[in-house]
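Chemist: sequence first, then the predicted structure:
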Amino acid sequence: MKRWKRNAVVVVLLSALISLAVFVPLGSASSSSPGVNVKDQELVLCETNSAGTIEGVQVIETLSLSGEGSVDVRKDKDISGGLSFQGMSGFAKPSVDGDYIVWKGVSAGGNSNHVATTKFSKEQVEQARLKIPLKVEYRYYLDGKEMKPEEMKGKSGHFKMELRLQNTSKEKRVVKYKDPDTGQEKSEEVDVYLPLVIQPYDWKFDSQTFFNFKTDPTGILFVQPNCYQPGWSIPLFPPATEDNFKIWVEADVRNFSMPTLTLVVAFVFPETNQKNAAEEMGPALEQLYGGIKQLDAGLLEAVAGVGSATTPDTLLYGITQIYEGLQQVVDPQEGLPYAKSMIDSKFIPGVLAAIDGIDQMIGGMIQISAGLSHTPNPPADPGGIKEGLIGMKNGLDTQIIPGLQSIANNLDPGNPGGIYAAVNAVNIEFTVDNFPTPPPNCTMNAYVNHNAAYGGTMNAQDIGLLNGKMSGLSAAALVPALNGIAAIYGGLAAPTGIIAGLQQISAGMGTMIAGIGDVNTANTLLWGCNQVLNGLITMKGLLRTNSESNPGFYEGLQLLSEGLGEAIAGFGSASTANTLLWGTAQIRDGLTQLGAGLTQATGGTAQMVGALGPAVGELNLTLAELEAIKQRGEEFNSILGPVTDPKGTTNEVRFAFQTKPTYPYQESTTASLVAIILSIIAIIALVLLGLFAFRKLA
């Protein structure tokens with residue numbers, strides 16, 4: 001069972017069973033003198049430093065005798081090393097006999113108490129630390145800074161002190177208890193602690209040094225005329241309590257000094273004068289458990305029919321599936337509200353944005369169409385691309401190409417009336433003799449220069465002048481000119497010449513003009529632009545019609561959003577009356593109540609069987625565990641060692657932890673301190689029961 005369940009059982013038991021009983025009845029008469037009863041009580045005074053570490057140990061031992069006669073008291077010696085005894089209150093100090101501490105001939109004298117004190121050495125203090133299962137730790141703060149009290153002496157500020165206590169006695173023990181299902185005895189290993197009870201005692205804080213004094217909520221503060229006196233009663237033994245606890249005090253302080261702090265510690269198991277309800281409740285719970293098991297077996301089929309939200313093919317499972325499905329439908333993150341939100345925030349604005357985009361595209365297509373072709377409006381507007389191409393093509397076809405063709409015809413070497421033929425005739429005149437009786441191979445130039453040789457009549461002056469004028473008109477000058485004319489002609493009239501290129505350009509322009517076409521000629525640019533424009537206009541009309549009787553996509557989304565809103569309202573919620581989810585939840589809750597009603601009406605369900613059986617077992621286990629705790633408390637009865645003779649002697653041990661003050665003070669005598677400590681033990685019995693029950697049951 002989980003710790004909290006066990007704690008709950010323990011609280012119920014302790015509230016009915018326990019209170020603090022400090023004094024245990026005296027044991028039976030001793031073997032030395034049948035008329036004498038002996039009780040051995042150790043008070044272990046632990047001197048600590050300001051942090052709570054034990055630095056010195058002194059054991060004040062009291063032998064309480066009743067009856068007539070005398071006895072020899074023999075005590076086991078559990079502390080190694082020599083012991084220094086000091087006899088007090090009417091009898092001599094004991095002696096050490098091997099592993100025993102022995103008092104010889106102790107007289108009862110009716111009723112008598114005999115006291116001795118033992119001071120521990122440094123090595124024995126270390127042994128005692130290991131035997132005392134309590135960790136004490138003080139922490140001190142001044143204005144939020146952790147300090148030692150010696151460092152705070154004489155200072156002023158806001159003071160806080162924490163005391164942290166921990167029961168370190170945990171050990172594994174095997175306990176036996178009755179199994180409620182089989183009735184057989186079971187064994188289980190559990191953690192068992194010593195029953196530790198602590199009370200800060202005689203804490204007095206001078207009201208001239210400390211002001212506005214406060215404690216943690218578990219403390220009780222007494223305000224006296226000259227001091228503040230806080231008090232606590234602190235039990236530490238799981239599972240009844242935690243194994244550790246922290247208390248604190250805080251105050252404003254002036255000229256800080258710290259009094260002695262004393263903790264009274266007892267390892268005792270509390271008892272109470274209340275009736276032991278557990279002894280009566282245990283058998284009744286077992287009978288109830290058996291009856292519930294029988295009733296539960298008879299009603300399994302009925303309860304199984306109602307089923308649960310996780311059991312397939314049952315009523316609750318089916319209605320739960322429907323309910324969860326409806327919840328998914330109205331889930332703001334995934335269901336109809338999300339869809340409506342997307343329509344309102346994304347789709348409808350998206351459609352409006354698309355319409356704006358289509359309007360821009362329509363304007364663009366109109367501009368494209370106008371750019372391709374439109375009726376010119378002279379003089380500023382020459383028309384579109386198509387009109388410009390038509391004008392350029394007409395210029396090529398009617399002006400440029402015919403003009404270049406005329407030039408080419410005039411330059412054609414095969415044209416007898418052209419430029420080439422005229423230049424060539426001049427060249428012939430200068431390179432061929434054209435006289436009646438020219439000498440062989442005689443040129444005109446040769447004739448002019450040598451006309452006397454040919455019977456000419458020109459004088460020398462005329463011949464010289466003519467020779468100078470005609471010297472440049474040689475075949476060497478005219479032949480390149482003829483070649484140039486032929487090259488120009490070829491550049492113009494050749495199949496790959498200028499005229500052919502311009503004709504190809506004209507043809508390309510014609511193709512472009514035809515490609516631009518018009519709105520009525522299929523598969524042309526203007527026809528395509530018109531188709532796109534009409535498509536955009538049609539799409540815009542489909543997206544938004546501004547008509548409720550003939551809604552477009554935009555109006556459809558609005559209607560869908562409104563419909564989803566109505567659907568969401570119809571689905572509603574589990575808390576909205578007269579909605580689908582509310583009705584489904586009502587059915588589900590009704591089936592749940594039906595299942596619970598069947599369970600209650602029959603006196604038990606599988607859940608009660610499953611919970612009550614372990615509870616009965618845990619009750620038995622807890623009783624056994626508490627008995628083990630009580631046994632441990634009885635076993636932890638000394639530091640020096642228990643009295644073994646006379647037989648039947650009762651042994652007890654109590655502890656007092658004292659810190660040192662931070663100012664000089666007059667210590668009381670040991671005897672008076674013992675009297676004070678013993679006197680407050682009875683107070684623990686009164687205070688602890690009330691505080692313990694209050695803390696656990698509040």
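Modeler: Great, that's in hand. For clarity, every value in this text was computed on a predicted model and none was experimentally measured.

Chemist: mind listing the strands for the stretch 1-150 of the chain?
Modeler: All strands of the stretch 1-150 of the chain, identified by DSSP state E, counting those that start in this stretch, fall at 36-48, 54-67, 70-76, 84-88, 95-97, 100-107, 110-119, 134-142, 145-147.

Chemist: show me what the fifth one packs onto, helices and strands only.
Modeler: What that stands for is strand 95-97. Using 3 or more C-beta pairs under 8 Å, 6 or more residues apart in numbering; DSSP states H and E as the contact definition, the elements that strand 95-97 packs against are strand 100-107. C-beta here means a position set from N, CA and C on the backbone, and glycine is covered the same way.

Chemist: list the buried residues of the strand it packs on.
Modeler: Residues of strand 100-107 classed as buried under the neighbour-count rule (16 or more other C-beta atoms under 10 Å) are Y100, I101, W103, V106, S107.

Chemist: ok, stretch 158-177 next?
Modeler: For stretch 158-177, burial by neighbour count (16+ other C-beta under 10 Å) applies to F159, K160, M161, E162, L163, L165, Q166, N167, S169, V175, Y177.

Chemist: got those as JSON lines, with pLDDT, distance to Q327 and secondary structure columns?
Modeler: Conversion of the buried residues of stretch 158-177 to JSON lines gives the following (pLDDT from 0 to 100; distance: C-beta to C-beta, whole Å; DSSP: H, G, I helix; E, B strand; the rest coil):
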{"residue": "F159", "pLDDT": "97", "distance to Q327": "58", "secondary structure": "strand"}
{"residue": "K160", "pLDDT": "97", "distance to Q327": "52", "secondary structure": "strand"}
{"residue": "M161", "pLDDT": "96", "distance to Q327": "56", "secondary structure": "strand"}
{"residue": "E162", "pLDDT": "97", "distance to Q327": "51", "secondary structure": "strand"}
{"residue": "L163", "pLDDT": "96", "distance to Q327": "54", "secondary structure": "strand"}
{"residue": "L165", "pLDDT": "96", "distance to Q327": "52", "secondary structure": "strand"}
{"residue": "Q166", "pLDDT": "96", "distance to Q327": "50", "secondary structure": "strand"}
{"residue": "N167", "pLDDT": "95", "distance to Q327": "51", "secondary structure": "strand"}
{"residue": "S169", "pLDDT": "92", "distance to Q327": "54", "secondary structure": "coil"}
{"residue": "V175", "pLDDT": "87", "distance to Q327": "50", "secondary structure": "strand"}
{"residue": "Y177", "pLDDT": "79", "distance to Q327": "47", "secondary structure": "strand"}
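
Chemist: residue ranges with poor pLDDT in the stretch 301-450 of the chain?
Modeler: Per-residue confidence of the stretch 301-450 of the chain (counting by pLDDT under 70) places the weak regions at 301-304, 306, 324, 428-450.

Chemist: can you map out the helices along it?
Modeler: Along the stretch 301-450 of the chain, the segments classed as helices by DSSP state H, counting those that start in this stretch run 315-329, 336-342, 348-372, 385-395, 401-411, 419-431, 444-449.

Chemist: which other residues reach the fifth one?
Modeler: When you say that, I think you mean helix 401-411. If you take C-beta atoms under 8 Å, 6 or more residues apart in numbering as the criterion, helix 401-411 is touched by 415, 418-420, 485-486, 488-489, 492-493, 498-499, 502-503, 506.

Chemist: what's the closest of these to L221?
Modeler: S506 (117.3 Å; C-beta to C-beta).

Chemist: contacting residues around that closest one?
Modeler: Contact criterion C-beta under 8 Å, 6+ apart gives K393, L396, D397, I401 as the residues in contact with S506.

Chemist: check the secondary structure at the spatially closest residue to the third one that is not a sequence neighbour for me.
Modeler: When the adjacent residues along the chain are set aside, D397 lies closest to S506, with 5.6 Å between them (C-beta to C-beta, 6 or more residues apart in numbering). In terms of secondary structure, S506 is helix; the call rests on DSSP: H, G, I helix; E, B strand; the rest coil.

Chemist: just the pLDDT for S506.
Modeler: The predicted local confidence for S506 comes out at a pLDDT of 84.

Chemist: how far away is it from Q593?
Modeler: Look at S506 and Q593: by C-beta to C-beta, to the nearest Å, they are 97 Å apart.

Chemist: T521 now?
Modeler: Separation of T521 from Q593 (C-beta to C-beta): 81 Å.

Chemist: go on, W582?
Modeler: Applying C-beta to C-beta, the value for W582 to Q593 is 16 Å.

Chemist: so those two - more neighbours on which side?
Modeler: Using other C-beta atoms under 10 Å, the more surrounded residue of W582 and Q593 is W582, with 16 against 12.

Chemist: the more buried one: helix or strand, and which one exactly?
Modeler: Taking DSSP states H and E as the definition, one finds W582 inside helix 580-602.

Chemist: if you average pLDDT over that helix, what comes out?
Modeler: The pLDDT scores in helix 580-602 average 71.

Chemist: near S573, how many other residues are there?
Modeler: Summarising burial for S573: neighbours were counted as other C-beta under 10 Å, giving 15.

Chemist: quick one, what contacts the closest residue to it other than its chain neighbours?
Modeler: Take S573 and drop its neighbours on the chain: the residue closest to it by C-beta to C-beta, 6+ apart is L581, 5.3 Å away. L581 sits next to Y323, L326, Q327, V330, F571, G572, S573, A574 when contact means C-beta under 8 Å, 6+ apart.

Chemist: filter those residues to the buried ones?
Modeler: The neighbour count (16+ other C-beta under 10 Å) marks Y323, L326, Q327, V330, F571, G572, A574 as buried among these.

Chemist: isn't the last one up against I587?
Modeler: No: taking contact to mean C-beta atoms under 8 Å, the distance of 11.1 Å between A574 and I587 leaves them out of contact.

Chemist: all helices for the stretch 501-650 of the chain, in order.
Modeler: With DSSP H, counting those that start in this stretch, the ranges of helices along the stretch 501-650 of the chain come out as 525-543, 553-571, 580-602, 606-635.

Chemist: would you mind telling me which of these is nearest A266?
Modeler: Among these, if distance is taken as C-beta to C-beta, the winner is helix 606-635, at 8.9 Å.

Chemist: what mean pLDDT does the closest one have?
Modeler: The predicted model gives helix 606-635 an average pLDDT of 72.

Chemist: check stretch 494-503 too.
Modeler: The predicted model assigns stretch 494-503 a mean pLDDT of 84.

Chemist: ranking the helices of the stretch 501-650 of the chain by burial, who's on top?
Modeler: Across those, averaging neighbours per residue (mean count of other C-beta atoms under 10 Å) puts helix 606-635 on top, at a mean of 19.

Chemist: please report how far A266 lies from R654.
Modeler: In this structure, A266 and R654 are separated by 5 Å, where distance is defined by C-beta to C-beta.

Chemist: and N394, by the same measure?
Modeler: Using C-beta to C-beta, one gets 132 Å for the distance from N394 to R654.

Chemist: pick out whichever of the two has more residues nearby.
Modeler: R654 (20 against 12).

Chemist: helix, strand, or coil at that one?
Modeler: At R654, secondary structure determined by three-state DSSP is strand.

Chemist: how near is L526 to L623?
Modeler: Applying C-beta to C-beta to L526 and L623 gives a distance of 105 Å.

Chemist: look at V479 and give its secondary structure.
Modeler: In terms of secondary structure, V479 is helix; the call rests on three-state DSSP.

Chemist: hmm, N427 and it touching each other?
Modeler: Yes: using C-beta under 8 Å, V479 is in contact with N427, at 6.7 Å.

Chemist: more neighbours, these two?
Modeler: For V479 and N427, the more surrounded residue by other C-beta under 10 Å is N427, and the numbers stand at 18 against 14.

Chemist: and the residue nearest to R254 when sequence neighbours are not counted, how many residues sit next to it?
Modeler: Counting by C-beta to C-beta, 6+ apart, the nearest residue to R254 once its immediate chain neighbours are dropped is S156, at 4.7 Å. Applying other C-beta under 10 Å, we find 14 residues neighbouring S156.
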